[in-house]
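> fold the following and give me the result.
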Amino acid sequence: MLAVMVVALGVFALSSCDEDDDETPVEPTDELVVLEGNITTSQTLDAEKRYLIRGKVYVQAGATLTIPAGTILFGEKDSDGTLIINRGASIDARGTAAEPIIFTSQAPAGFRNRGDWGGLVILGRAYNSNGATSTIEGITAAAGSENGVYGPGAGNAADNDNSGFLQYVRIEFAGIALSQDNELNSLTMGSVGSGTTIDHIMVSYGNDDAYEWFGGSVNHKYLIAFSTIDDDFDTDRGYNGKIQYGAVLRDPLIADFSGARAWESSSNSNAVAPTVGGIARHSKPKFSHVTVWGPILFRATAQVNAFYRAALEINTSSEIEVRNSIITGFPTSVNFAASNAVVTNNVFAANTAQTPTAGSGATVPADFATANTLEATVTNIFGAFSSGSIYNFASPPVLQSATSPYLTGAVNLNATDSFFDNVPHYGAFGSSAPAGWNFSAAWVNFDPINADYELEED
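Below is the predicted model of the structure:
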């Protein structure tokens, strides 16, 4: 019989299991520690072990969960395993390019699928337009409980709030739809402040959104969304962070019935944003140097899932800004259902409708066609198609060709904001990729279904 440690309320207990079947989920052993319940005191995990997230695990205010580089954590399917960092708590998950931290499915290699577990939720005390004490979607909090609650509470909104570190991390097969518009995403952030460091993240096979922000001011670099079912970047409730370097790759056969997009940016249905914690604002995230490889690049249009919508959906008062990006392969380039967004100095290519659409009460910016480039031929950017008239989804075109006209011309945002690097090319990559930000780096894996996550034998 093999022993298992259970972490609950900071107390260690023992149970046992002797399962050994290659077609059953990963089961507890003496080297698989179960995390469950509330973590009330700071804990440091051991990269030499594996961890099973059982049910909703809450890191409570004042506690820090430290996850060393190379650690692998499985989400338990039967209990909807989900890790939640409450406001006032902290996560210290600093992987490396060679040794990423991996949150993944409990299922064995070859049997993993989207929706196998809940995902990762990080909460803070920055502004959000939903309320000072809001419960994140996908979580049901007991009356008076801090579990799943985000926002400034009774004090002022702390836009520089610090929830810790998340670097060189993969999140795979996560996301649970509890009901319509009430889902756990792969990485959900509520009121996360700019003191938090989140970069070099890869989300694969998300069962809802890859990344969703509810308010907050956290900034990011190097975000990958691969084979998401719903939206890749969903910004809502007054989020005003900055993102540079993003890669979106869409499976042409997979899309959510609610409509799948690379971006869905919302704010608040009120024309004037509500004041919460002394601040009032609509969503105003700033994205730069993102490449979107949309579904039409990988299948004939007639074969693409009919639930794909615009690459960029802008609604409910959002003031999103998107620049220096390459956006390809969607049925529609942009849908403007709000009028204060800035979509300029981007390249749109191979979208069925390159000209944007407008929702009720909104208009397409008059200068859209001149402020952006509508590229007639996507191979001018990425080179020749790899399989006839399309690219190969299993081996997408990562870099721009040496003759691409978009290796220069990007707007220098660093001139007014030091967060942004000054790089000349449009999109996530030029004709070469720096170390740590390329698809051949060890922290990137486009085949997590078959990845071997077993401990090595001594």
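
> residue contacts, the residue nearest to T332 when sequence neighbours are not counted?
What sits nearest to T332 in space, not counting adjacent residues and going by Cβ to Cβ, 6 or more residues apart in numbering, is A310, at 4.0 Å. All C-beta spots, glycine's among them, are computed from the backbone N, C-alpha and C. Residues in contact with A310 (Cβ atoms under 8 Å, 6 or more residues apart in numbering) are 261, 330-335, 356-357.

> S194 now?
So S194 contacts 126, 159-161, 217-219, 241 (Cβ under 8 Å, 6+ apart).

> how close does the closest residue to it other than its chain neighbours sit to I243?
Counting by Cβ to Cβ, 6+ apart, the nearest residue to S194 once its immediate chain neighbours are dropped is S217, at 4.3 Å. Using Cβ to Cβ, to the nearest Å, one gets 12 Å for the distance from S217 to I243.

> do the same with G436
G436 is 17 Å from I243, by Cβ to Cβ.

> which of the two has more neighbours?
I243 (26 against 15; other Cβ atoms under 10 Å).

> ok, the more buried one touching K221?
Yes - at 7.3 Å, I243 and K221 qualify as touching, with contact defined as Cβ atoms under 8 Å.

> okay, and I381 sits in which element?
helix 379-382 (DSSP states H and E).

> helices and strands around that helix, which ones?
Helix 379-382 is packed against strand 347-349, with contacts defined by 3 or more Cβ pairs under 8 Å, 6 or more residues apart in numbering; DSSP states H and E.

> following element in sequence after the strand it packs on, please.
Using DSSP H and E, the first helix or strand after strand 347-349 is strand 357-358.

> run through who's touching that following strand.
Taking Cβ under 8 Å, 6+ apart as the rule, strand 357-358 contacts 310, 332, 334-337, 364.

> G278 against A157, yeah?
Yes - the pair G278 and A157 passes the contact test of Cβ under 8 Å, sitting 6.1 Å apart.

> more neighbours, the two?
Taking other Cβ under 10 Å, G278 and A157 do not tie; A157 has more neighbours (28 against 11).

> residues in contact with the nearest residue to that one once chain neighbours are set aside?
Closest residue to A157 apart from its sequence neighbours, by Cβ to Cβ, 6+ apart: G277 at 3.1 Å. Residues near G277 by Cβ under 8 Å, 6+ apart: 125, 127, 132, 151-153, 155-158.

> angles on the backbone of G277, please.
Backbone torsions of G277, given as degrees, to the nearest 10, read phi 60, psi 30.

> if we can go back for a sec, buried subset of the contacts of S194, written for PyMOL?
Here is the PyMOL command that picks out the buried ones among those, judged by 16 or more other Cβ atoms under 10 Å:
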select buried, resi 126+159+161+217+218+219+241
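
> what is the nearest of the contacts of S194 to S432?
N219 (25.1 Å; Cβ to Cβ).

> distance of the closest residue to G62 other than its chain neighbours from F307?
Closest residue to G62 apart from its sequence neighbours, by Cβ to Cβ, 6+ apart: G88 at 6.4 Å. In this view, G88 and F307 are 39 Å apart by Cβ to Cβ.

> and those two? Which one has more around it.
A direct count of neighbours by other Cβ under 10 Å for G88 and F307 places G88 higher, at 18 against 15.

> can I take it that E212 is in a helix?
No - going by DSSP: H, G, I helix; E, B strand; the rest coil, the assignment for E212 is strand, not a helix.

> just list whatever residues bridge to it.
For E212, the beta-bridge partners are T188, D234 (DSSP bridges).

> ok, it - how many residues close by?
When neighbours are counted by other Cβ under 10 Å, E212 comes out with 31.

> equivalent analysis for the one 4 residues further on, please.
Residues contacting G216 under the criterion other Cβ under 10 Å number 34.

> wait, it touches T188, no?
No - using Cβ under 8 Å, G216 makes no contact with T188, being 10.9 Å away.

> quick one on the thing from earlier: ok, now how distant is the residue nearest to T332 from I381?
The value you get for A310 to I381, if Cβ to Cβ is used, is 20 Å.

> with Y239 instead?
29 Å.

> about what we covered before: for the residue nearest to T332, what are phi and psi?
Dihedral angles (degrees, to the nearest 10) for A310: phi -70, psi 150.

> likewise for K242?
The phi/psi pair for K242 (degrees, to the nearest 10) is phi -120, psi 140.

> residue contacts, the residue nearest to the spatial centre of the chain?
Among the residues of the chain, the one closest to the centroid is Y211, at 2.6 Å (Cα atoms, centre = their mean). For Y211, the contact set (Cβ under 8 Å, 6+ apart) comprises 185-187, 189, 201, 203, 223, 225, 232-234.

> and those residues, which are buried?
Here, 16+ other Cβ under 10 Å leaves 185-187, 189, 201, 203, 223, 225, 232-234 buried among the contacts of Y211.

> any chance of those in JSON lines, with pLDDT and distance to G409 too?
Output for those, formatted as JSON lines (pLDDT from 0 to 100; distance: Cβ to Cβ, whole Å):
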{"residue": "N185", "pLDDT": "96", "distance to G409": "34"}
{"residue": "S186", "pLDDT": "98", "distance to G409": "33"}
{"residue": "L187", "pLDDT": "98", "distance to G409": "31"}
{"residue": "M189", "pLDDT": "98", "distance to G409": "32"}
{"residue": "I201", "pLDDT": "98", "distance to G409": "28"}
{"residue": "V203", "pLDDT": "98", "distance to G409": "29"}
{"residue": "L223", "pLDDT": "98", "distance to G409": "23"}
{"residue": "A225", "pLDDT": "98", "distance to G409": "25"}
{"residue": "D232", "pLDDT": "98", "distance to G409": "24"}
{"residue": "F233", "pLDDT": "98", "distance to G409": "23"}
{"residue": "D234", "pLDDT": "98", "distance to G409": "29"}
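
> which among those residues gets closest to V342?
Nearest member of those to V342, counting by Cβ to Cβ, is F233, at 15.6 Å.

> show me where the chain has helices.
368-371, 379-382 (DSSP state H).

> out of these, indicate the one that is most buried.
Ranked by mean neighbour count, these are led by helix 379-382 with a mean of 20 (mean count of other Cβ atoms under 10 Å).

> if you rank every helix and strand of the protein by mean pLDDT, what lands last?
strand 11-17 (a mean of 31; mean pLDDT, DSSP states H and E).

> got a pLDDT number for E375?
Confidence at E375, expressed as pLDDT, is 97.
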